[in-house]
Structures are given as C-alpha cells and as structure tokens.
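> below are the sequence and a predicted model for it; my questions follow.
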Amino acid sequence: IDPTLDLFAEIERLKKEKNAIILAHYYQEPDIQDIADYIGDSLGLSQEAAKTDASLIVFAGVHFMAETAKILSPGKKVLLPDVKAGCSLADSCPPHLFRKFKEKYPDHLVITYVNCTAELKALSDIVCTSTNAVQIVESLPADQKIIFGPDKNLGAYVAKKTGRDLVLWNGACMVHEIFSQEKITRLRERHPAAKFIAHPECEEVVLQMADYVGSTTGLLKYTINSEAEEFIVATESGIIHQMEKANPGKTFIPAPPNNSCACNDCPYMKRNTLEKLYLCLKNEYPEVTVPEHIIERARVPIERMLDISA
Ligand code: 13P
Ligand code: SF4
C-alpha cells in the first residue's frame, strides 16, 4: 500500500461505493474501532449483523464472529480482514470430539458459548454470549439437564450464579487465563480506590476478587456508571480504548498477567489491522463462507438466543 494513502478516507469512500458496513469488536485496534460503523460485544455484533441492510459486511473481529454474521445474513458477502484471526477458545472444542462428548449425555440440552465454530453451533440447542448466558440458563426449567461449552470458566461462573449443575466442556481462552491473582492483589494494595472489573472468561480465583463481572459491554457500562476514578481491567486490552473515550479523566490499568513476557492482547483479534481492513474492502477478500447445511442447523440455536435476549 502507498504509505501516503489516507486509509481512513479510502475506507470511507469504498464503504459508500460498495454499500458496506464495518462491524468491529471492542478488542480490535483503536484505528479499526474509530472507523467502524458499529462497535460492540458478541451479542450486539450478531444483532447488528442480523438487521443490517448493507450488501457487504466487513467483520473486524475473529472467524467465529464472521461465521455467525454469515449464518444470520446468508445472502450477504461477509469479509474478515485476516482469515487467520481465529480463537483459542473455539479451537479448544473440535466438533468431532464434542459430538462424542454430547453422546454421553443424551438427555441433556446443549448450550454453547458463541465463541465456537459454526459446526459446533450446528450441534447445539441454544447459543449464548457472556451478556446473556445466565439469562438463557435461567429461561430453562430448573430440572433441565444442561451441557455447557466450550468455556469452562464462563460455565463455572454461570453454574454458580444460577445454582445449576452444568456439565462443562474443558475449554478456555488463552487471553483470560493468564491473569495473576497475586499480582492483581499487589496492584490493588497500591490502588486501594480502584475498582477491579473482570470478564467471565477469567478463572474463578480472579472472578472471586472482582467488584464487577461482565461482558465487554457490561464492563464498559460499569466504568461509565461508577463513581470510581480508577479501574483495574481483567480482559483484552482493546476495550480500554472505548473506556477512555467514554470516561475522560478516569484511569484504566490493564490487569497484570502471570508472566511478564505476556500481555493482554488477543493475538487473533490483533491480526486485523487498518491496512488489512482496507485491502479486504477493496478486493472483497478474504470472504468467510459457511456450508449451506451448517447454516440451516446453526441458525436455529442462534435465533433462539436472539429471541430470548430480545
Ligand atoms: P464479549 O464481547 O461478548 O464479552 O466477548 C468477549 C470475547 O472474548 C470475544 O472474543
Ligand atoms: Fe478467542 Fe480469547 Fe481472543 Fe476472544 S480473546 S477471540 S475468546 S482467544
């Protein structure tokens, strides 16, 4: 790309020319968040993908999110700036192994966290996100047996919140598993007025320490509504861009990981860059497709989720 090219202006021009919409997750780099038409959490992004009348969706997020957009809007072209933007949590649950796992519990209903492949969604009864997982479990009869996958941390959190005994798949997100309980404790000693907020993909020991647990949208809203001036944030660091924009003067400290070489960036989310976004909009490539038979089956549990969360 010509380094003198104004990527923001070019992206705006191409968007109009192609009737395209850019949907971005809060974990995307700040430039991408700033050019997006809609920024949100997984639930908001899927609701937006279902209702858009744009012809082209550029999904600045990860592969499973673009797949969900395609399932909800199969007639539209869905582009992902970097096709290798995957997800360690989705990878931790290969569909052929999950199918065998599911066979062991024939009288259980399957709830899957949206962070999984389209093929896994096709094996599910209801999809959920971190915003509505508790609500979805509570919408089912108290004696309903449930398998919850693939995130064991979110699953354990939901089980605790609802008092239900969920059968959990043993999956996790590499970004949310690295926070150090000891380092967070030490940091809080130095910032006694700071609120500690965490995403439910974090481990139970970290969640137990939190003043607030919620999805990315939940965390953002908490920082806006709270009187506190300082926050220690246990989730991917991209969300801090929106927290700072929404809360001038407040301070946001990324929660420390257990390994000093690690950071709170998701290596998959951060594969997308403004340059790649521009190229994908220009070339309409890489495109994310989902086989027709998977779309038909995966659509049902996603739509159940959208109906329950409406
Ligand atoms: P939410 O934005 O729905 O909280 O999900 C977080 C996440 O890990 C997405 O990959
Ligand atoms: Fe997947 Fe975790 Fe990255 Fe979200 S933050 S895309 S769950 S690896």
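Yes, it's here. Numbering: from 1, shown residues only. Ligands and ions are numbered 1, 2, ... in the order given.

> mind listing what the residue positioned nearest the centre of the chain touches?
In the chain, the centroid-proximal residue (C-alpha atoms, centre = their mean) is S42; its distance is 4.6 Å. Contacts for S42 (C-beta atoms under 8 Å, 6 or more residues apart in numbering) come out as 25, 65, 68, 114-115, 129-131, 215. C-beta coordinates here come from the backbone N, C-alpha and C atoms, glycine included.

> of those residues, which is the nearest to ligand 2?
Lowest distance from ligand 2 to the contacts of S42 (C-beta to the nearest ligand atom) belongs to N115, with 4.7 Å.

> grab the nearest non-local neighbour of the closest one.
Spatially, and ignoring its direct neighbours in sequence, N115 is nearest to L89 (4.5 Å; C-beta to C-beta, 6 or more residues apart in numbering).

> just I197 next, same as before
Closest to I197 by C-beta to C-beta, 6+ apart is Y212, at 4.6 Å.

> just how off-centre is stretch 97-116 within its chain?
Distance of stretch 97-116 from the chain centroid (C-alpha atoms, centre = their mean, to the nearest Å) equals 20 Å.

> still on that earlier bit, can you list phi and psi of the residue nearest to I197 for me?
phi -150, psi 140 (degrees, to the nearest 10).

> hang on, isn't it packed against T223?
No: look at Y212 against T223 with C-beta atoms under 8 Å: they stay out of range, at 9.1 Å.

> mutual contacts of those two, please.
Joint contacts of Y212 and T223 (C-beta under 8 Å, 6+ apart) are I197.

> these two: which is more packed in?
It is T223, of Y212 and T223, that has more neighbours when counted by other C-beta atoms under 10 Å, with 22 against 16.

> which SS class is the more buried one?
helix (DSSP: H, G, I helix; E, B strand; the rest coil).

> against D31, how distant is it?
Look at T223 and D31: by C-beta to C-beta, to the nearest Å, they are 22 Å apart.

> with D165 instead?
Separation of D165 from D31 (C-beta to C-beta) stands at 45 Å.

> kindly report the same for S73.
Using C-beta to C-beta, we find S73 at a distance of 25 Å from D31.

> please identify which of these two sits among more neighbours.
S73 (20 against 16).

> OK, contacts around that one?
Applying C-beta under 8 Å, 6+ apart, the residues contacting S73 are 49-50, 52, 57.

> of those, list those near ligand 2.
The subset of the contacts of S73 within reach of ligand 2, by C-beta under 6 Å from any ligand atom, is empty.

> hmm, which two among those residues are most spread apart?
In the contacts of S73, two members sit farther apart than any others by C-beta to C-beta. They are A50 and I57, at 10.7 Å.

> look at the two and report which has more neighbours.
I57 (25 against 15).

> find the nearest non-adjacent residue to the more buried one, please.
In space, I57 is closest to V78, 4.8 Å off (C-beta to C-beta, 6+ apart).

> what's the burial count for E67?
26.

> sorry, that was for A142
So A142, with other C-beta under 10 Å, has 8 neighbours.

> report pLDDT for the nearest residue to it once chain neighbours are set aside.
Excluding its sequence neighbours, the residue lying closest to A142 (C-beta to C-beta, 6+ apart) is R164, at 7.7 Å. With respect to pLDDT, R164 scores 97.
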